[in-house]
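Engineer: have a look at this prediction, sequence included:
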Amino acid sequence: MKDVEALSRQGSVAGLVKQLASEDGDVRDAAAEALVAIGEVAVQPLLETVHHSPDSGAREAAASALATLARNGMLGGAVVEPLIEILRDGSWWERLCAASALGYVGDPRAVEPLIEAMRHGEVVSLRETAQEALGRIDDQRAKRALSDDHPESE
């Protein structure tokens with residue numbers, strides 16, 4: 001944990017991203033929190049981690065950090081396409097985090113992929129998160145899908 005604290009004080013995005021691959025879940029969580037605190041500078045390295053890290057723990061921690069950044073209003077339209085890719089191709093947790101982030105970004109490009117996740121997501125929590133995300137997007141397609149559909153139970 002001292003490594004994460006030192007890296008955080010230094011603002012070392014690269015060092016903190018490496019800590020996302022730690023076997024220690026507390027270290028991963030602390031690194032993700034530090035990257036969220038750093039903010040926008042961490043977005044691209046977090047996206048790269050989700051897309052390219054061989055470590056599932058690192059990918060999931062990075063996806064969670066991206067969702068938190070979105071919730072804090074720190075993600076913009078430039079991340080929509082990479083998040084849609086994660087929504088389509090990630091693990092269920094990465095997909096859930098991407099769905100949440102897309103809802104907070106609020107870009108209409110995310111509507112169709114979120115409708116797909118709401119209707120066909122492999123776990124209830126993903127379907128529910130996609131539904132919540134659609135509710136945050138001001139788009140007629142989202143409103144229609146929400147009035148027509150509800151996530152199915154497992």
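Structural biologist: All right, it came through fine.

Engineer: where in the protein is pLDDT low?
Structural biologist: Applying pLDDT under 70 to the chain flags the ranges 149-154.

Engineer: that one: strands as residue ranges?
Structural biologist: Read by DSSP state E, the chain holds no strands at all.

Engineer: please report the distance of the spatially closest residue to Ala30 that is not a sequence neighbour from Arg71.
Structural biologist: Nearest non-adjacent residue to Ala30, counting by CB to CB, 6 or more residues apart in numbering: Val4, 4.5 Å away. All C-beta spots, glycine's among them, are computed from the backbone N, C-alpha and C. When distance is defined by CB to CB, to the nearest Å, Val4 is 22 Å away from Arg71.

Engineer: between the two, which is the more surrounded one?
Structural biologist: Per other CB atoms under 10 Å, whichever of Val4 and Arg71 has more neighbours is Val4, with 23 against 14.

Engineer: contacts only, for the more buried one.
Structural biologist: Contacts for Val4 (CB atoms under 8 Å, 6 or more residues apart in numbering) come out as 16, 19, 27, 30-31, 34.

Engineer: out of those residues, which is most surrounded?
Structural biologist: Highest neighbour count within the contacts of Val4, by other CB under 10 Å: Ala31, with 28 neighbours.

Engineer: for it, which non-adjacent residue is closest in space?
Structural biologist: With CB to CB, 6+ apart as the criterion, Ala31 has its nearest non-adjacent residue at 3.7 Å, and that residue is Gln19.

Engineer: ok, Leu134 touching Met118?
Structural biologist: Yes - with contact defined as CB atoms under 8 Å, Leu134 counts as touching Met118 (6.4 Å).

Engineer: on that earlier part again, can you list the contacts of Val4 in TSV and add distance to Gly57?
Structural biologist: Formatted as TSV, these follow (distance: CB to CB, whole Å):
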residue	distance to Gly57
Leu16	14
Gln19	11
Val27	10
Ala30	13
Ala31	11
Ala34	16
